[in-house]
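>>> Fold the following.
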Amino acid sequence: MSILKLASCFFQTTKAFLPTMLEINHGHIVTVASSLGLFSTAGVEDYCASKFGVVGFHESLSHELKAAEKDGIKTTLVCPYLVDTGMFRGCRIRKEIEPFLPPLKPDYCVKQAMRAILTDQPMICTPRLMYIVTFMKSILPFEAVVCMYRFLGADKCMYPFIAQRKQATNNNEAKNGI
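Modelled structure (predicted):
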């Protein structure tokens, strides 16, 4: 499914349920984004742009609900780090850092999200280290953020993933005689 179709589904689902939530001042809107909606990396600009858009929509909607004093409608933004689903298989941060920041298990992410929803937490970053990265990005000058990314290996973490996808595409084209 394309990014535009996913965004359309998200907006349409919100438009379908929000009027009744507003009417009864009750409900919970959960937005699943990504840590790449809070900070970006090279090589996946389209993915980052879509996640930044989802985070922006969620934040704007949350502010709208607060301004309308609809305190019975809760919102939770879920921003996990790399989840071990195979979607970004091959993504690698610096090998010395990897043991401290391995890909997350899907069931762990679900448990963390559910805990946040059930306790009306407005946002959950998994693992919590992602809060620090987001905070540092907001206070440091861009060049310092670049240095931090380089230190972590986050600046080029998607390059192995991109190379694997390119290789797979080339192999498929060769098999199909394209």
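>>> in the protein, which residue is closest to the centre?
Ser34 (0.8 Å; C-alpha atoms, centre = their mean).
>>> Let me know the pLDDT of that one.
With respect to pLDDT, Ser34 scores 94.
>>> burial measure for the residue nearest to it when sequence neighbours are not counted, as a count.
Residue nearest to Ser34 in three dimensions, not counting chain neighbours: Lys51, with 4.6 Å by C-beta to C-beta, 6 or more residues apart in numbering. Quick note: C-beta positions are derived from backbone N, CA and C, even for glycine. Using other C-beta atoms under 10 Å, Lys51 has 21 neighbouring residues.
>>> Pull the contacting residues for Lys51.
Lys51 makes contact with 33-34, 36-37, according to C-beta atoms under 8 Å, 6 or more residues apart in numbering.
>>> Just name the closest of the residues you listed to Thr134, please.
For the contacts of Lys51, the minimum distance to Thr134 (C-beta to C-beta) is 10.0 Å, reached by Gly37.
>>> give me the number of residues near the closest one?
Counted with other C-beta under 10 Å, Gly37 comes out at 23.
>>> Tell me how far the longest strand seen in the chain lies from the chain's centre.
For the chain, the strand with the greatest residue count under DSSP state E is strand 73-80. Centre-to-centre, strand 73-80 and its host chain are 11 Å apart (C-alpha atoms, centre = their mean, to the nearest Å).
>>> Could you list every helix and strand in contact with that strand?
Helices and strands touching strand 73-80, as assessed by 3 or more C-beta pairs under 8 Å, 6 or more residues apart in numbering; DSSP states H and E, comprise strand 27-32, helix 45-67, helix 106-118, strand 123-126.
>>> Ok, which of the ones you listed comes nearest Ala144?
Closest among those, using C-beta to C-beta: helix 45-67, at 19.6 Å.
>>> and the angle from that closest one to strand 27-32?
Helix 45-67 runs at 160 degrees relative to strand 27-32, counting by axes from the mean of the first three to the mean of the last three C-alpha atoms, to 10 degrees.
>>> got the buried residues for helix 45-67?
For helix 45-67, the neighbour count (16 or more other C-beta atoms under 10 Å) marks 47-48, 50-52, 54-55, 57-58, 61-62, 65 as buried.
>>> Lovely, talk soon.
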